[in-house]
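Enquirer: from the sequence below, what's the structure:
(chains A, B and C)
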Amino acid sequence: MTLPASAPTPAAGAGRSLLDVQNLSMRFGGLLAVDNVTFEVRRGQIFAIIGPNGAGKTTVFNCVGGFYRPTTGAVTLDGQPIQHLPSHRIARLGLVRTFQNVRLFKTMTVVENLLISQHAQLEARLLPGLFKTPKYRRAETAALERAAFWLEKVGLLAVANREAGNLAYGQQRRLEIARCMITHPKLLMLDEPAAGLNPQETRDLDRLINELRAEHGVSVLLIEHDMSLVMGISDEILVVEYGRPIATGDPAAIRANPKVIKAYLGEE
Amino acid sequence: MPRTLIDALLAAVLTAVLLIPIFGLRIQVDGVNVALDRTPTPVVIAVVAVFLLRLFKRPLQRLWASWKVPGSWRANSATAALRQTAQHPRARQALWLLLLAVAVIWPFTVSRGAVDVMTLALIYVMLGLGLNIVVGFAGLLVLGYAAFYAVGAYAYAYLAQQFGLSFWLCLPIAGGLAALTGFLLGLPVLRLRGDYLAIVTLGFGEITRLLLNNLNFLTGGPDGIGGIPRPSLFGLEFGRRAKDGGATFHEFFGLDYSGDHAVIFMYLLGLALVLATLFVIDRLLRMPLGRAWEALREDEIACRSLGLNPTVIKLSALTLSAAFAGFAGAFFAARQGHINPESFTFIESAMVLAIVVLGGMGSQLGVVLAAIAITVLPELAREFNEYRMLAFGLVMVLMMMWRPQGLIPASRPPLTLPERAEAAR
Amino acid sequence: MSGFSFLEFVQQIINGLTLGSIYALIAIGYTMVYGIIGMINFAHGEIYMIGAYVGLMAITGLSLFGVDSIAAILLVTLAISILVTGSYGWTVERLAYRPLRNSPRLVPLISAIGVSIFLQNYVQIGQGARDVSMQPVLTGGWRFGPADGFQVYLSYMQVLIAVVTVAFMAGLTLFISRSRLGRACRACSQDRTMANLLGIDTDRVIALTFVLGAALAAVAGVLVGMYYGLVNPFIGFIAGLKAFTAAVLGGIGSIPGAMLGGVVLGLAESFASAYLQTEYKDVVAFALLILVLLMRPTGLLGRPDVEKV
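Expert: Okay, the predicted model is just below:
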């Protein structure tokens, strides 16, 4: 089902804070890549971070997801501080992400990609698998069923046994999203999901993101350059430039903000 | 033309610089007198060859490209055919069955020496399959695999000698101890970049050899441990006479005593262990754990982003891999009857690594064939023994350049998706 | 009694510094290559071994020509040895590593171990597997301490090792910090892709790194040859392992770290062989490696390395 992009229906429990980022800074040697960024993603929200290239958006993602240890600042997911946790622990708490240049397990098949991301939920112990206990078989079947469900959802059922690296670019992007969604995340972080997609694929992506929120109750934090996508889909937007936040607000407010206009027009 | 000439001259000079100190001159020590022997011929030949090859590089390349015969020969060569068969699941299955049938019947038709060599080959198959877990599937380089092999061998030798424990009891203990060693070694290292594992295991291999040589009370020092008992078949021994009132195999079945029985029994036992190894690893690969190993090899960052703990997964690969080395070690000690530190040097680790690299990292069938080839070929051509390690080194470099996936690359079995996809949520 | 053990202590420091200089020279080759292409060059120990062989040959050759000035022997030997190992460093990189630059991490690592095995056996075929020994070129030294008790011995050769090591380290430091190529080296170790975009010929810089590392390994090889007067095709294996430990100890990727790590390892080993059993000195080095990885994986002077996500 398609939802009008401008008027999203908030999922249950909407409005409560899901991700809270306070005074986040990240320094690489002499470069302050992220400078005192603060924002909050509420449950059920689609939140976008925009800004010129090199503004530090992906660095924010890496700090939030535990891939970088932030220099200063606090990150809280669902009331729990996470800035000191390793990335896999953060993922298990329900915060998963896609990557700017798609990171699939390229020589493994599409289904296998989806099975791997269910690793945390599956019976990974040695002996049940070696002896194929009924419980193990049930878990594996259920995992395959979930994989089939998500493949159908993103339209990849037909290529289920293809090597992931051989898919078309748009398909790879969709597989990456499915791979995240199959873990039942609370917050889905998308790093430039529309990069390299054609206009039709971008429209499909817009619909898919809305559908994920409406049907699966996931909140979304995204970085994007495609302004039509961002303006249409987001509830709230944060603009960063040179690592510093320069504005936040809903799409209409951002569009009218003189600082944002200057940052963008000054760039191009 | 002048450019090519200069290029060729430079290459020739470089070749001369490289080869003169190794093959052109030789330090001759005669008491207190030291002299330099000059043997210019090989260097001159090499320099001229390099010069000509570089000078006529273009025409030679064109000639190679236009030469149709080798092209078609390459496509039809044995490896290509094998690769093609290996890619069809049916053909693969048939190939496995054929191999198995041959493996079981074969020892009854040949000499004792041949069976004995083949038993050794089976040990290397086991080692290759075990190392393949960590190198081929998890993508971590282990350079001291022989250390885990040694732990297994010495565990059986020591327990059998000191406490008279049977092979069948010691086999799991040997595997467990080797696994524990792998676990303890991996614990501090695997949190870090995977590369460190290579150097740490290399060091560990050396240390193990040193300890085996020096901890005399435990390992018997350089002499090692002798008189290791052979395994029995459900209590039936293979000696001429049974020790302390047990039964022997030939008496029980009313056969004449023959030394062949023991040799063939060891071979079949090795074969059974190899089959068990193959089965377990094959299962592992279809399990979440095995999938996670491969995923980790592909992209560690993506794994972390999906909630997989890389340290735990790497550690499980190393631990299991070490366990198989332990099993192989116990079997080796049982076959030899006598072990000493010389069987567990770096050369051993390098040989197993060569097996994995040649067989195709991640491919079981490839590793089996490579292990057999690498153990049996030197037996057939002993005069080339001096060049064996040289060839291993060269093979590793060349394989990485032309076929990093090995002669027989791994294949991916397709998974059938359940029909009722809609029911799942 | 306490003075007695103090002198023994001083002796161990002298021995440790000598050994440490050698390790430091080899460790720089590991650390530079790791800093730029993130690869453990397993063949580096073998390059050092070749350097030692060439050193002994050159000394033998010079003595046949009747050259007996220490300075002349040292300079010519170093020059010849550096020329040969530099060529090996360049050739190995060109043939065995460069074609694999964009492969998965494991691929060049296996190639490197292949090169190491190859070179070891190749020298064994050419020169035989047995020890080659020769008379020391430089003998004698100073003795300090009571005539009837323990005397500290400082040989001329130990002083020479220290002086040559310091000279080469200083030269390298100057080269890296001042010259154009040195700057390019530093740029590449920061960010190879970016350096490439800025017009630095990264292939050339990488080749240079291998040649520089090999040259320092040759210096170490020549000094060891003169010090112990003994080489065989297997000395590179354990020395390479130790030197890599030194590089990790100091912080891999850091040149001053490699120098410091070498000295620390040399001292540790020297004390271990004096106060424990000699057989266990290699165990000490290895235990140190594990300990560093446990307590301080970035080493003494290393910076935490940030993975590019």
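
Enquirer: and for the residue nearest to residue C:70 when sequence neighbours are not counted, the neighbour number?
Expert: Closest residue in space to residue C:70, ignoring its immediate chain neighbours: residue C:138 at 5.8 Å, by Cβ to Cβ, 6 or more residues apart in numbering or on different chains. Every C-beta, even on glycine, is put in place using the N, C-alpha and C of the backbone. By other Cβ atoms under 10 Å in any protein chain shown, the residues close to residue C:138 number 16.

Enquirer: element containing the spatially most central residue of chain C?
Expert: For chain C, residue C:26 is the residue whose C-alpha lies nearest the centre (Cα atoms, centre = their mean; 1.2 Å). Per DSSP states H and E, residue C:26 falls inside helix C:2-37.

Enquirer: how about residue A:120, nearest residue that isn't a chain neighbour?
Expert: Nearest in space to residue A:120, with sequence neighbours left out and distances taken as Cβ to Cβ, 6+ apart, is residue B:307 at 4.4 Å.

Enquirer: so that neighbour sits in a helix?
Expert: No: counting by DSSP: H, G, I helix; E, B strand; the rest coil, residue B:307 falls outside a helix, being coil.

Enquirer: that one reaches residue A:85, doesn't it?
Expert: No: judged on Cβ atoms under 8 Å, residue B:307 makes no contact with residue A:85 at a distance of 11.4 Å.

Enquirer: tell me how far the residue nearest to residue A:226 when sequence neighbours are not counted lies from residue A:165.
Expert: Excluding its sequence neighbours, the residue lying closest to residue A:226 (Cβ to Cβ, 6+ apart) is residue A:194, at 4.4 Å. Note on residue A:194: its distance to residue A:165, by Cβ to Cβ, to the nearest Å, is 21 Å.

Enquirer: neighbour count: these two, which is higher?
Expert: Set side by side, residue A:194 and residue A:165 show more neighbours around residue A:194, with 23 against 13, by other Cβ under 10 Å.

Enquirer: what helix or strand is the more buried one on?
Expert: Assigned by DSSP H and E, residue A:194 falls outside every helix and strand.

Enquirer: which ones are touching it?
Expert: Contact analysis of residue A:194 by Cβ atoms under 8 Å, 6 or more residues apart in numbering or on different chains lists A:201-202, A:205, A:224-226, A:229.

Enquirer: any idea how far it lies from chain B?
Expert: 19 Å (Cβ to the nearest Cβ, to the nearest Å).

Enquirer: just residue C:108 next, same as before
Expert: Residue C:108 sits 7 Å away from chain B when distances are taken as Cβ to the nearest Cβ.

Enquirer: surely that residue touches residue B:400?
Expert: Yes: in this structure residue C:108 lies within contact range of residue B:400 using Cβ under 8 Å: 7.3 Å.

Enquirer: quick one: residue B:277 and residue B:128 touch, right?
Expert: No: assessed by Cβ under 8 Å, residue B:277 is found out of contact with residue B:128, at 9.8 Å.

Enquirer: neighbour count: those two, which is higher?
Expert: residue B:128 (34 against 22).

Enquirer: check the stretch 51-200 of chain A for the residue nearest chain C and tell me.
Expert: Nearest to chain C in the stretch 51-200 of chain A, going by Cβ to the nearest Cβ, is residue A:67, at a distance of 4.6 Å.

Enquirer: ok so, going back, counting neighbours, which of the contacts of residue A:194 comes out on top?
Expert: Busiest of the contacts of residue A:194 [other Cβ under 10 Å] is residue A:224, holding 24 neighbours.

Enquirer: state the distance from that residue to chain B.
Expert: 19 Å.

Enquirer: anything in stretch B:292-303 near chain A?
Expert: Yes: counting by Cβ under 8 Å from any Cβ of the partner chain, contacts between stretch B:292-303 and chain A involve B:292, B:294-295, B:298-299, B:301-303.

Enquirer: next, the spatially most central residue of chain A: secondary structure please.
Expert: With distances taken as Cα atoms, centre = their mean, the residue of chain A nearest its centroid is residue A:189 (1.8 Å). Three-state call for residue A:189 (three-state DSSP): strand.

Enquirer: can you report how many residues neighbour the nearest residue to it once chain neighbours are set aside?
Expert: Spatially, and ignoring its direct neighbours in sequence, residue A:189 is nearest to residue A:97 (3.9 Å; Cβ to Cβ, 6+ apart). Residue A:97 has 28 neighbours, counted by other Cβ under 10 Å.

Enquirer: for residue A:97, phi and psi?
Expert: phi -140, psi 160 (degrees, to the nearest 10).

Enquirer: which ones are touching it?
Expert: A:61, A:65, A:180, A:188-191, B:305.

Enquirer: hmm, which two among these are most spread apart?
Expert: Maximum pairwise distance among the contacts of residue A:97 (Cβ to Cβ): 13.0 Å, between A:61 and A:180.

Enquirer: would you map the strands across chain C?
Expert: Along chain C, the segments classed as strands by DSSP state E run C:132-133, C:141-144, C:152-155, C:230-231.

Enquirer: quick revisit: how far away is the residue nearest to residue C:70 from residue C:157?
Expert: With distances taken as Cβ to Cβ, residue C:138 is found 5 Å from residue C:157.

Enquirer: common neighbours of these two, please.
Expert: Counting by Cβ under 8 Å, 6+ apart, the residues touching both residue C:138 and residue C:157 are residue C:226.

Enquirer: what number of residues lie near the single nearest residue of the stretch 51-200 of chain B relative to chain C?
Expert: Relative to chain C, the nearest point of the stretch 51-200 of chain B is residue B:188 (4.4 Å; Cβ to the nearest Cβ). Counted with other Cβ under 10 Å, the neighbours of residue B:188 add up to 18.

Enquirer: what sits against residue B:18?
Expert: Contacts of residue B:18 (Cβ under 8 Å, 6+ apart): C:84, C:87-88, C:91.

Enquirer: hmm, try it at 7 Å
Expert: C:87-88, C:91 (Cβ atoms under 7 Å, 6 or more residues apart in numbering or on different chains).

Enquirer: next, the buried residues of the host helix or strand of it.
Expert: When elements are assigned from DSSP H and E, residue B:18 belongs to helix B:2-19. By 16 or more other Cβ atoms under 10 Å in any protein chain shown, the buried positions in helix B:2-19 come out as B:8, B:11-12, B:14-19.

Enquirer: would you mind writing the CA trace of that helix as CSV?
Expert: Taking C-alpha atoms only, helix B:2-19 is exported to CSV below (Å, rounded to 0.1, in the frame of the first residue of the first chain):
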residue,chain,number,x,y,z
PRO,B,2,65.9,1.6,-28.6
ARG,B,3,63.4,1.7,-25.7
THR,B,4,62.9,-2.0,-25.9
LEU,B,5,66.7,-2.5,-26.1
ILE,B,6,67.3,-0.3,-23.0
ASP,B,7,64.5,-2.2,-21.2
ALA,B,8,66.0,-5.5,-22.1
LEU,B,9,69.4,-4.4,-21.0
LEU,B,10,68.1,-3.2,-17.7
ALA,B,11,66.3,-6.5,-17.1
ALA,B,12,69.5,-8.4,-18.0
VAL,B,13,71.6,-6.3,-15.6
LEU,B,14,69.0,-6.8,-12.8
THR,B,15,69.0,-10.5,-13.4
ALA,B,16,72.7,-10.6,-13.1
VAL,B,17,72.7,-8.6,-9.9
LEU,B,18,70.1,-10.9,-8.5
LEU,B,19,71.7,-14.2,-9.5
